[in-house]
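Novice: no letters, just coordinates:
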């Protein structure tokens, strides 16, 4: 009567808060997910949640199955890891680079969780490298690169992790603070604060300013997100960051955020890996852990 997919669906429904977002997380259409839940409810003879509630309000039967899912799914995951070890496929090396200054918020807990379950895999984030990470991945100097800028390279696979929206951070008193969205032309008289990377790797240029033929009045760089926020809050400029990177500053009312364009600017974050390691059990587990951790700790992201 009960299958693992049912338990995973209920966890996704609880975490996502709606049928639409839960369907995206389990890679089903909303119609297919609704049918799956309705079929399970008919078998059980009881509704599992109250319709048209957000966040989803579970019935006693639904809460009981959620408790079961929380107990069973981690045990299944652990058994899968153990079986991979018994098959002798546990050895590996995971040296990674991060083309994303604000990714440590979800990457560090991912690594901590992964290390606990795969102590045999050598994990490192080499510092001070003076080479392009993606070509280094193809040359086997690295094993994984977190990037939002995939490049076609022989033998390299890009695994989508999640989608995110880029937002413009402005000071609370800034004239753009009350806008629903900004146009590219609105930044022509602004100082744009960015990380010290090529403009070709910044979504605010490639997806927003460049297509409109607009350049900001001035570009200023800062190494750290907190430095960028201090400059923005002081009225020294504006900056575009992933929505999750702004969450804590918006909750503290430190800065305001405005959408880039009427439809927003959305991008996908990828884990670049070599094809030869794609099916390794430890790599599959790392990618799965990265997705699960991201959705657990980040606000505003969507399944890729």
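Specialist: That came through fine. As the structure is a computational prediction, the values presented were derived from the model and not from experiment. Numbers count the residues shown, from 1 in each chain.
Novice: relative to residue 46, how far out is residue 59?
Specialist: 7 Å (Cβ to Cβ, to the nearest Å). No exception for glycine: its C-beta is placed from N, CA and C like everyone else's.
Novice: likewise residue 121?
Specialist: Taken as Cβ to Cβ, the span from residue 121 to residue 46 is 43 Å.
Novice: so for these two, which residue has more residues nearby?
Specialist: Taking other Cβ atoms under 10 Å, residue 121 and residue 46 do not tie; residue 121 has more neighbours (19 against 14).
Novice: hang on, that one packs against residue 94?
Specialist: Yes. With contact defined as Cβ atoms under 8 Å, residue 121 reaches residue 94; the gap is 5.5 Å.
Novice: and for these two, which residues touch both?
Specialist: residue 282 (Cβ atoms under 8 Å, 6 or more residues apart in numbering).
Novice: now the end-to-end length of stretch 180-197.
Specialist: Length of stretch 180-197, first residue to last, Cα to Cα, to the nearest Å: 28 Å.
Novice: got it, and stretch 197-208?
Specialist: Rule used - Cα to Cα; the end-to-end distance of stretch 197-208 is 17 Å.
Novice: ok, residues contacting it?
Specialist: Stretch 197-208 is contacted by residues 99, 148-149, 166, 168, 184, 192, 194-195, 219, 240, 260-261, 265, 267 when judged by Cβ under 8 Å, 6+ apart.
Novice: now it: buried residues?
Specialist: By neighbour count with 16 or more other Cβ atoms under 10 Å, stretch 197-208 contains the buried residues 202, 203, 204, 205, 206, 207, 208.
Novice: same thing with stretch 54-62?
Specialist: 56, 58, 62.
Novice: who's in contact with the closest residue in space to residue 48 that isn't next to it in sequence?
Specialist: Counting by Cβ to Cβ, 6 or more residues apart in numbering, residue 62 is the residue found nearest to residue 48 once chain neighbours are left out, at 3.7 Å. Going by Cβ under 8 Å, 6+ apart, residue 62 touches 10, 47, 48, 49.
Novice: that's a helix at residue 62, yeah?
Specialist: Yes. Under DSSP: H, G, I helix; E, B strand; the rest coil, residue 62 falls within a helix.
Novice: what's the most distant pair in the contacts of residue 62?
Specialist: 10 and 47 (12.6 Å; Cβ to Cβ).
Novice: who's more crowded, those two?
Specialist: Applying other Cβ under 10 Å to residue 10 and residue 47 shows that residue 10 carries more neighbours, namely 25 against 16.
Novice: secondary structure class for the closest residue to residue 98 other than its chain neighbours?
Specialist: Nearest non-adjacent residue to residue 98, counting by Cβ to Cβ, 6+ apart: residue 146, 4.7 Å away. Secondary structure, three-state DSSP: residue 146 is strand.
Novice: check what pLDDT residue 86 gets.
Specialist: With respect to pLDDT, residue 86 scores 61.
Novice: ok, the most centrally placed residue in the chain to residue 71 distance?
Specialist: Residue closest to the mean C-alpha point of the chain, counted by Cα atoms, centre = their mean, is residue 162 at 4.2 Å. Residue 162 sits 27 Å away from residue 71, taking Cβ to Cβ as the criterion.
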